[in-house]
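S.K.: Would you be able to build a 3D model of this:
(one chain, ligands or ions: 1)
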Amino acid sequence: MNYSDWLKRKGLEYREDILYFAKKKTLDIAKRFGTPLYVINEQMIRERYRSLKNVLNHEYKNNQINYAVKANSNLSVLKILNSEGASFDCTSMGEVYICLKAGISSEKMIYTGNMFTDADFKFAVKNNVFVNLDSLSQLNRLVRIHESLGKEKKAISFRINPEFGAGHHKHTITAGKDIKFGILEQQAIEAYRKAKEAGFEKFGIHQHIGSGVINALDFGKPAEKFISIIKKIIKTLDIKFEFIDFGGGLGIPYRPEEEPLDLESYKNLVIKPFLNLLEAEELGEPIFKIEPGRFLSAESTILLTQINTIKDNGFKLFAGVNAGFNTLIRPTLYNSYHHIIPCDLKGKKREFEYDIVGPICESGDILGEGRKLNELKEEDYLAILDTGAYGFVMSSPYNSRPRPAEVLINNNSVYEIRRAETFEDLLNGQKVPEHLK
Ligand SMILES: Cc1ncc(COP(=O)(O)O)c(C=O)c1O
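M.R.: Alright, predicted model coming up:
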């Protein structure tokens, strides 16, 4: 893919050297709302959802896309996906709560927690949210909570750890013997046997191998292993699965030289083996589920930031901006690459190499290292791309810097969907004991 097509795929283009996003001039948005600022393109979320849904529909009608709420839990983002017909994967009570506030019905949610507390279970059971267990030991507690609340035990699933994982960073690989998630093969049959004995009548099964998988081939082995485990459970326990969930992890091209995830290969490595399983074992038509977060939301968003300082320390050039790892932590946390481009290229022909750094009082506050960019000046604006997943949700008020606003572009209008925090917000919830007043 050439560079301008790569930008276009993300809703970006230069017109006479000025950067437009979702057909809006980025400079106007930055000046109107201030920076740093997360800018979300509603149509992009819809497009990504529809394109993935089409691929699934083409292969198998009874499918469900559960958006991984952890990637971006903004109410408007959830409402957009809900209006498209998505279902939702939650990893905490908080995510379930926000989904309910977004008007999403509990039947459309699955709660894939890990290290569940009794409070988590109570919240899920009271709100009729389907629980996807992460450990055999959690089953007894969940059963007890159903009984204490007088709730019928409807359906249950377990997260299987297929031992083959993948991801963009070691900390985003979620399968493997030394990884905390899920149940390994040797406990899987016991888990479903106990669930059956406890009175559950309907079952699902789930795996999630990791996050940020851009090479579709990485999905092959885990899917194969997952399916072999499913076969063993079916043969031993005569269980019919209502759904089979292959998890999320579908990556996006963060770098201009990267190609998008090859969905054709994904189909061959995940969907086709699933269809073969149905045929071989005569399983009827269980729901084929996946739970992507990044794939649906990452490319929908840019983070606008303004340069305040150009520093030449005689050794290196730094462009200091007003977003830092408090605003976007992925580069610092995972060494992740986010492409960074100027909002205005006018009259800037000479290229220099910059470290784009934030204002946080730590040397690790680097948003982009060694970036070759046309000459930058103080007060220029930059766009940091692909920040719609694990962007705002991972931001913090570290260094007592209030979190930024989020705006949404739709139909040529720009709406503020989260106000920027104020200094007052930094004091939220704090109480000073009498003796310190
Ligand atoms: C259980 C589960 N499902 C889905 C996802 C979504 O991952 P991604 O945003 O990479 O699709 C995650 C993220 O790690 C996860 O833990």
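
S.K.: tell me how far stretch 267-282 is from the chain's mean position?
M.R.: Remark: stretch 267-282 is offset 26 Å from the chain centroid, using CA atoms, centre = their mean, to the nearest Å.

S.K.: Could you tell me the average pLDDT over it, please?
M.R.: Stretch 267-282 shows a mean pLDDT of 96.

S.K.: do the same with stretch 417-433
M.R.: Rounded mean pLDDT across stretch 417-433 is 98.

S.K.: Run the chain-centre distance for it.
M.R.: Relative to the centre of its chain, stretch 417-433 is centred 26 Å away, using CA atoms, centre = their mean.

S.K.: L304 in helix, strand or coil?
M.R.: Following DSSP: H, G, I helix; E, B strand; the rest coil, L304 is assigned to strand.

S.K.: next one: S265
M.R.: helix.

S.K.: which residues does it contact?
M.R.: Going by CB atoms under 8 Å, 6 or more residues apart in numbering, S265 touches 216-217. Placement of C-beta: from N, CA and C, glycine included.

S.K.: Against G391, how distant is it?
M.R.: S265 is 27 Å from G391, where distance means CB to CB, to the nearest Å.

S.K.: Near K346, how many residues? Count them for me, please.
M.R.: By other CB atoms under 10 Å, the residues close to K346 number 9.

S.K.: Write out the residues of the protein neighbouring the ligand.
M.R.: Residues of the chain found near the ligand (CB under 6 Å from any ligand atom) are 68, 70-71, 89, 112, 174, 208, 211-212, 247-250, 291-295, 389.

S.K.: How about G220: what's its closest non-neighbour residue?
M.R.: Nearest non-adjacent residue to G220, counting by CB to CB, 6 or more residues apart in numbering: L269, 4.1 Å away.

S.K.: didn't that neighbour look like it was pressed against N215?
M.R.: No: L269 lies out of contact with N215 (CB atoms under 8 Å); the separation is 10.7 Å.

S.K.: For the stretch 51-200 of the chain, which segments count as strands?
M.R.: 63-68, 87-90, 109-111, 130-133, 155-160 (DSSP state E, counting those that start in this stretch).

S.K.: Now mean pLDDT too, for those, in CSV please.
M.R.: Listed next are those as CSV, based on pLDDT from 0 to 100:
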stretch, mean pLDDT
strand 63-68, 98
strand 87-90, 98
strand 109-111, 98
strand 130-133, 97
strand 155-160, 96
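
S.K.: would a markdown table of the ones you listed with mean neighbour count be doable?
M.R.: Converted to a markdown table, the strands of the stretch 51-200 of the chain look like this (neighbours: other CB atoms under 10 Å):
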| stretch | mean neighbour count |
| --- | --- |
| strand 63-68 | 24 |
| strand 87-90 | 26 |
| strand 109-111 | 24 |
| strand 130-133 | 24 |
| strand 155-160 | 24 |
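
S.K.: so can I have CSV of the ones you listed showing distance to N335?
M.R.: Listed next are the strands of the stretch 51-200 of the chain as CSV, based on distance: least, CB to CB, whole Å:
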stretch, distance to N335
strand 63-68, 22
strand 87-90, 26
strand 109-111, 31
strand 130-133, 30
strand 155-160, 27
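
S.K.: For I40, grab the count of nearby residues.
M.R.: Neighbours of I40 (other CB under 10 Å): 30.

S.K.: in what helix or strand does I409 lie?
M.R.: In the assignment (DSSP states H and E), I409 maps to strand 405-410.

S.K.: and the angle for the next helix or strand after that strand with strand 405-410?
M.R.: As assigned by DSSP H and E, the chain's next helix or strand after strand 405-410 is strand 413-418. Interaxial angle, strand 413-418 versus strand 405-410 (axes from the mean of the first three to the mean of the last three CA atoms, to 10 degrees): 150 degrees.

S.K.: start the count at 51, not 1, going forward
M.R.: Got it, first residue is 51 now, which makes that one strand 463-468.

S.K.: Tell me the buried residues in strand 463-468?
M.R.: 464, 467-468 (16 or more other CB atoms under 10 Å).

S.K.: could those residues go into JSON lines alongside distance to T167?
M.R.: Shown next, in JSON lines, are those (distance: CB to CB, whole Å):
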{"residue": "V464", "distance to T167": "40"}
{"residue": "I467", "distance to T167": "31"}
{"residue": "R468", "distance to T167": "28"}
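
S.K.: which non-adjacent residue is nearest the closest residue to the ligand within the stretch 51-200 of the chain?
M.R.: Minimum separation of the stretch 51-200 of the chain from the ligand (CB to the nearest ligand atom) falls at A118, amounting to 3.4 Å. Excluding the flanking residues, the one nearest A118 by CB to CB, 6+ apart is G343, at 3.1 Å.

S.K.: residue ranges of the helices in the stretch 201-350 of the chain, please?
M.R.: All helices of the stretch 201-350 of the chain, identified by DSSP state H, counting those that start in this stretch, fall at 235-247, 270-287, 313-316, 322-331, 344-347.

S.K.: Give the buried residues for the fourth one.
M.R.: Across helix 322-331, burial judged by 16+ other CB under 10 Å covers 323-324, 327-328.

S.K.: Next one, pLDDT for I154 please.
M.R.: Per-residue confidence at I154 stands at 98 (pLDDT).

S.K.: Isn't it up against C140?
M.R.: No: using CB under 8 Å, I154 makes no contact with C140, being 9.6 Å away.

S.K.: what sits against the residue nearest the centre of the chain?
M.R.: The centre of the chain sits closest to A121, judged by CA atoms, centre = their mean, with a distance of 2.6 Å. Applying CB under 8 Å, 6+ apart to A121 gives the contacts 343-344, 346-348, 438-440, 443.

S.K.: can you do 6 Å?
M.R.: Contacts for A121 (CB atoms under 6 Å, 6 or more residues apart in numbering) come out as 343-344, 347, 439.

S.K.: can you check F324 too?
M.R.: So F324 contacts F338 (CB under 6 Å, 6+ apart).

S.K.: gap between it and the ligand?
M.R.: F324 sits at a distance of 17 Å from the ligand (criterion: CB to the nearest ligand atom, to the nearest Å).
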